[in-house]
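*Asks:* okay, predicted coordinates and the sequence, questions at the end:
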Amino acid sequence: MDWIGFELTPPSSFIVMAGDALTEWSNDRVRACTHRVVMSGKATRYTAGLFSFSSKILQVPEKLIDQQHPLKYKPFDHMDYVDYVFSKHVCPRPDCRYKAYCGI
């Protein structure tokens, strides 16, 4: 895996990353990323994780399914998926986790 380094300019910038559920819901049109943070220097850094969850059954909208983009995921309960990921010994890579859970 190749890592891409970058600097946020200005320093008050922020990053938004898609999670597994958005990848599944979008039928792979929006991809979750594998990420890591590497610190350099001794400057104080502040990080906040903000997560959102749905208590509903999520499914790929019909608008995102066509001949070029066949349905890849069956409807799934987002909270059951979260429990699955954190309670089972599943592949650590997001792509194999969600394919194992709700892939077609």
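*Replies:* Noted; the coordinates are in hand.
*Asks:* in the protein, which spans are helices?
*Replies:* Counting by DSSP state H, the chain has helices at residues 20-25, 78-87, 94-102.
*Asks:* in a markdown table, list those along with mean pLDDT and distance to Leu71.
*Replies:* Just so you know, the C-beta spots here come from the backbone N, C-alpha and C atoms, and that holds for glycine as well. Listed next are these as a markdown table, based on pLDDT from 0 to 100; distance: least, CB to CB, whole Å:
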| stretch | mean pLDDT | distance to Leu71 |
| --- | --- | --- |
| helix 20-25 | 90 | 11 |
| helix 78-87 | 88 | 17 |
| helix 94-102 | 81 | 11 |
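*Asks:* which residue is the nearest non-sequential neighbour of the residue nearest the centre of the chain?
*Replies:* Centroid check for the chain by CA atoms, centre = their mean gives Gly19 as the closest residue, at 2.0 Å. Distances taken as CB to CB, 6 or more residues apart in numbering put Ala32 closest to Gly19, at 5.4 Å, once the chain neighbours are dropped.
*Asks:* please report how far the one you found lies from Thr47.
*Replies:* 18 Å (CB to CB, to the nearest Å).
*Asks:* so for these two, which residue has more residues nearby?
*Replies:* The neighbour comparison of Ala32 against Thr47 (other CB atoms under 10 Å) goes to Ala32, with 19 against 5.
*Asks:* and that one, what does it touch?
*Replies:* By CB atoms under 8 Å, 6 or more residues apart in numbering, the residues touching Ala32 are 17-20, 22-23, 94.
*Asks:* make TSV from those and add distance to Phe76 to it.
*Replies:* Shown next, in TSV, are these (distance: CB to CB, whole Å):
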residue	distance to Phe76
Met17	20
Ala18	16
Gly19	13
Asp20	10
Leu22	13
Thr23	12
Pro94	14
